[in-house]
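> I would like the atomic coordinates for the input below:
(chains A and B)
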Amino acid sequence: MNAFIKAISYHLPEKVFSNEDFFNAFPEELGHKENLLKTGVSERHIVSSHETASDLGVKAAQLLFTENKIEPSSIDFLLFCAQEFDHFTPTTACIMQDRLNLPKHCGALDYNLGCSGFVYGLSLAKGLIESSGVENVLLITSSTLTKTFHKKDKSSTFVFGDGAAATLISSRDKSGIGKFIFGTDGKGKNKIIVKDGCARNEITETSFVERTDEYGNITSDANFYMNGTGVFIFGLKTVPIVIADLLKKEKLTIKDIDLFIFHQANLFLIDAIRIKAGIPENKVFNYIDQVGNTVSSSIPIALNEAIKRGVAKPGDRIVLTGFGVGLSWAATVIHL
Amino acid sequence: MNIEEFTQKLETEFEEVEPGTLTPDTHYKSIKGWSSMHALIIIAFVDAQFDTILNGGDLKSASTIRDLYNIVIEKTK
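Take a look at the predicted model:
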């Protein structure tokens, strides 16, 4: 049997933070509004303080079940990809198994990845289905990154949004998920990091000392930090090579691919990558305008929208590429 | 591409600066509203025009447009 993506649903938190809200909060940013709009973000959804990544994930999964008439009892394995888990222990996926009424024979595990997480999840689901006799894998990706921002971190506030996606990977005769390219560069760990508050560094008074970067973004070691320029350079250097390697591995060319969906980091970066990789504009689908960069859920949300709008059709061959925190990246080709 | 053309094209990419604001000797990080987006615009512009990717150190060490141009020329030799 072969693994394929059978259905995707997603859930966004209720609260919307529009660009108008952003410029009201940071009026000094109005001076380069046009440049900020190049990121492609008009609004983003923000999680409330009492909601967790697993809450968003449970809602996305419940939507998946009702929208696609899927019985929770049919799920054999739950994969939960996030960076903000409910507790140090137990595993959040185990708690979600109960909340979603998944059967007790269901396997469940958490894994911690950011923007590359969805593609890694597909590879794990494919492995389970094609080599472990599992039939239905529920992959939930979720991010509540906005909770970790310093309230004066302008760049992160503008680009990121919260949200979760639930994807059902099932088995069929025809191949639905192709080969993978994986990559990791832990030397780049400091490019995207929340330094303090976990096992390596405890929270101390110095964790909250404010630091300002060369572009006027303020953060602290207890908050999320991203070196935007460094990540941009990483994406531009790495992703076109990953695409070329994947196509070579699959013995395909850009002409054979119907659609490319990249992690929705920001439109300006995606377009620079597209140009460098030699991909025509009409072969790339983006969905960032209403949601921002939703980390591990950005690819399934965009794929869901591409399917809804008829841009991605049954039989299409689609390249998915995730890249980000770690540094970590992965790409694959799916067949709808 | 000579330095005048480099400066002019970069100014077009920046969009929100008055035409004629940038000269080869402009300290580009001092332009009004300098932000990380400007740095990304420079990196994407240099990659598209010269097929070379600047690194963080290049951007840190360059003060003027001329410094930037010289780094690009050196990297593409």
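> Now residue A:192. Nearest residue, chain neighbours left out?
Among residues not flanking residue A:192 along the chain, residue A:325 sits closest, at 4.1 Å (Cβ to Cβ, 6 or more residues apart in numbering or on different chains). C-beta: built from backbone N, CA, C; applies to glycine.
> OK, contacts around that neighbour?
A:83, A:113, A:114, A:115, A:116, A:191, A:192, A:193 (Cβ atoms under 8 Å, 6 or more residues apart in numbering or on different chains).
> For those residues, give me TSV that also has pLDDT, secondary structure and distance to residue B:31.
Output for these, formatted as TSV (pLDDT from 0 to 100; DSSP: H, G, I helix; E, B strand; the rest coil; distance: Cβ to Cβ, whole Å):
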residue	pLDDT	secondary structure	distance to residue B:31
A:83	97	coil	36
A:113	98	coil	38
A:114	97	coil	32
A:115	97	coil	31
A:116	98	coil	35
A:191	93	helix	26
A:192	95	strand	27
A:193	96	strand	29
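> for residue A:323, phi and psi?
phi -160, psi 140 (degrees, to the nearest 10).
> any idea how far it is from residue A:168?
Residue A:323 sits 24 Å away from residue A:168, going by Cβ to Cβ, to the nearest Å.
> more neighbours, the two?
In this view residue A:323 and residue A:168 are compared by other Cβ atoms under 10 Å in any protein chain shown, and residue A:323 has more residues nearby, 26 against 22.
> Distance of the residue nearest to residue A:192 relative to residue B:27?
Residue A:325 sits 33 Å away from residue B:27, going by Cβ to Cβ.
> Name the nearest residue to residue A:188, sequence neighbours excluded.
Per Cβ to Cβ, 6+ apart, closest to residue A:188 is residue A:327, 3.8 Å.
> what about residue A:6, is that helix, strand or coil?
Look at residue A:6: counting by DSSP: H, G, I helix; E, B strand; the rest coil, its state is strand.
> Quickly note the distance from it to chain B.
For residue A:6, the distance to chain B (Cβ to the nearest Cβ, to the nearest Å) stands at 38 Å.
> in terms of contact, does that residue touch residue A:168 like I think?
Yes - under the criterion of Cβ atoms under 8 Å, residue A:6 makes contact with residue A:168 at 4.6 Å.
> which neighbours do the two share?
In contact with both residue A:6 and residue A:168: residue A:68, using Cβ under 8 Å, 6+ apart.
> Enumerate every residue touching residue A:203.
A:196, A:197, A:222.
> Quick one: buried ones out of the residues you listed?
A:196, A:222 (16 or more other Cβ atoms under 10 Å in any protein chain shown).
> Tell me the one of the contacts of residue A:203 nearest chain B?
Chain B has its nearest neighbour among the contacts of residue A:203 in residue A:222, at 21.6 Å by Cβ to the nearest Cβ.
> quick one: contacts for the closest one?
Counted by Cβ under 8 Å, 6+ apart, residue A:222 has contacts A:194, A:195, A:196, A:197, A:203, A:207, A:208.
> Reformat these as a markdown table; add pLDDT and secondary structure.
Formatted as a markdown table, these follow (pLDDT from 0 to 100; DSSP: H, G, I helix; E, B strand; the rest coil):
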| residue | pLDDT | secondary structure |
| --- | --- | --- |
| A:194 | 96 | strand |
| A:195 | 95 | coil |
| A:196 | 95 | coil |
| A:197 | 93 | coil |
| A:203 | 95 | coil |
| A:207 | 95 | helix |
| A:208 | 95 | helix |
